[in-house]
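Engineer: after the sequence you'll find the predicted model.
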Amino acid sequence: MPNSDNPRPKDLPECGVLITGGTSGVGLATALEFAAAGVPRIAIAGRDPGRGAAAAARVRDVGAECTFYATDATDTTAAARTAEAAAGFLGGGIDIFVNTTAPRVRPTPFSKVAADDIEGLLTELILPPMRMAHAVLPTMRQQRSGVIINMASDASKTATPGEALIGAAMAAIVMFTRTLAIEEKRYGIRANVVTPSLISGTGLTDYLLDDGFSGKLFAAASAKADLGVPDAGDVASLIVFLAGPGASRLTGQAISVNGGISAS
C-alpha cells in the first residue's frame, strides 16, 4: 500500500520546476514544454547569464513566470544557494527538479586522455546531478513529495570506443538515480533518468560532430536511427511526462530515447 502520509501526486499546473542546464538544448526545450503544459513558475540555472536571460524571456513568452540563476552545479555552495533561491521563487518548495547539464566532452580513446584531465572530466560529468539533488532533497522531504529527473546517455548502457570516461560517468548517474529512487520513495519522491544517444539540432551535437573521431562515431550511430534521430523536443516530451501524475508509479528507471540506435 502507498504511504498514506504522502500527498497525492500534483498536476503540472500546481508545480514549481527547477531546471539546471536550462538555457539551451534539452533544458530549454523542457522549460518551454513545462510552460506549455501549464506550469506557472519555472526556475532555470546555468553558467551563462546572457544566455540565461534570453532563455527565461522565451519561457515567459509561453506564459510561465521564469527566472534565471547563474550557478556552477559542480560546486556545493553554489548548488545549495541556487536550490534555496529557487525554492523561494517557486513559492516555498521545489516540486520538480530536472538536471540536463551536458558538458562539452568529446569521445576520446582512454589511452589518449591526459592523466591530469581525468579528475576534471569526471567532476564535470558526474557532480552536477549529485550536488543539486543533495540541495533539493530537504525541501522535497519536508513536503513529502517531489520528482527528480536526471539526464545521462546511452553510454551508460552500451560500451562504445572512446567513451570509457563518459560511459563510466553516465553509468554512475544512472545508478545514483536508481538508488535515490529506492531511498526516497518513502517520502513520496520519485527519481528517473533519461538516456538519449544523439540529439539533433543542439550545440553539443554540433560540437561532437565537428571532430574526426567523434564525428565518425556519431555518424555511424545516426545511421542506425531508423525512426529518426531524436531532437531536444523529443527528450523534453519524455521528461515532462515523467514529471507528471501520469507517471506517478514510475521510479528508478533509465529510459533511452534514441530512434532505434540501440535497444538497451
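Structural biologist: It's in.

Engineer: quick check, pLDDT for I126.
Structural biologist: Looking at I126, its pLDDT stands at 94.

Engineer: where's the residue nearest to it when sequence neighbours are not counted, which helix or strand?
Structural biologist: Among residues not flanking I126 along the chain, A169 sits closest, at 4.9 Å (Cβ to Cβ, 6 or more residues apart in numbering). For every residue, glycine as well, the C-beta is placed using N, CA and C. Element membership of A169 [criterion: DSSP states H and E] is helix 164-184.

Engineer: sheet-wise, list the partners of the next helix or strand after that helix with their directions.
Structural biologist: Using DSSP H and E, the helix or strand that directly follows helix 164-184 along the chain is strand 189-196. According to DSSP bridges, strand 189-196 forms sheet pairs with strand 146-151 (parallel), strand 254-257 (parallel).

Engineer: helix, strand, or coil at I19?
Structural biologist: strand (DSSP: H, G, I helix; E, B strand; the rest coil).

Engineer: least reliable of the strands paired with strand 189-196 going by mean pLDDT?
Structural biologist: Among the strands paired with strand 189-196, strand 254-257 scores lowest, at a mean of 92.

Engineer: list of residues touching that one?
Structural biologist: Identification of contacts with strand 254-257 by Cβ atoms under 8 Å, 6 or more residues apart in numbering yields 152, 154, 156-157, 174, 177-178, 192-197, 230, 234-235, 238, 242, 262-264.

Engineer: can I have the buried ones of the residues you listed as a PyMOL selection?
Structural biologist: Command for PyMOL that selects the buried part of the contacts of strand 254-257, burial taken from 16 or more other Cβ atoms under 10 Å:
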select buried, resi 152+154+156+157+174+177+178+192+193+194+195+196+197+230+234+235+238+242
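
Engineer: related to what we said a few turns ago, mean neighbour count, the strands paired with strand 189-196: which tops it?
Structural biologist: Most buried of those by mean neighbour count (mean count of other Cβ atoms under 10 Å) is strand 146-151; its value is a mean of 26.

Engineer: just the CA atoms of stretch 175-192, as PDB, please.
Structural biologist: Written as PDB, here are the backbone C-alpha positions of stretch 175-192 (Å, rounded to 0.1, in the frame of the first residue of the first chain):
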ATOM      1  CA  MET A 175      22.900   4.000 -10.600                       C
ATOM      2  CA  PHE A 176      22.900   7.200  -8.400                       C
ATOM      3  CA  THR A 177      19.400   8.000  -9.700                       C
ATOM      4  CA  ARG A 178      18.100   4.400  -9.200                       C
ATOM      5  CA  THR A 179      19.400   4.200  -5.700                       C
ATOM      6  CA  LEU A 180      18.000   7.600  -4.900                       C
ATOM      7  CA  ALA A 181      14.600   6.400  -6.000                       C
ATOM      8  CA  ILE A 182      14.700   3.500  -3.600                       C
ATOM      9  CA  GLU A 183      16.000   5.600  -0.700                       C
ATOM     10  CA  GLU A 184      13.400   8.400  -1.100                       C
ATOM     11  CA  LYS A 185      10.200   6.600  -2.200                       C
ATOM     12  CA  ARG A 186       9.000   6.600   1.400                       C
ATOM     13  CA  TYR A 187       9.000  10.400   1.300                       C
ATOM     14  CA  GLY A 188       6.800  10.400  -1.900                       C
ATOM     15  CA  ILE A 189       9.900  11.300  -4.000                       C
ATOM     16  CA  ARG A 190      10.400   9.800  -7.400                       C
ATOM     17  CA  ALA A 191      13.600   9.700  -9.400                       C
ATOM     18  CA  ASN A 192      14.200   8.600 -13.000                       C
END
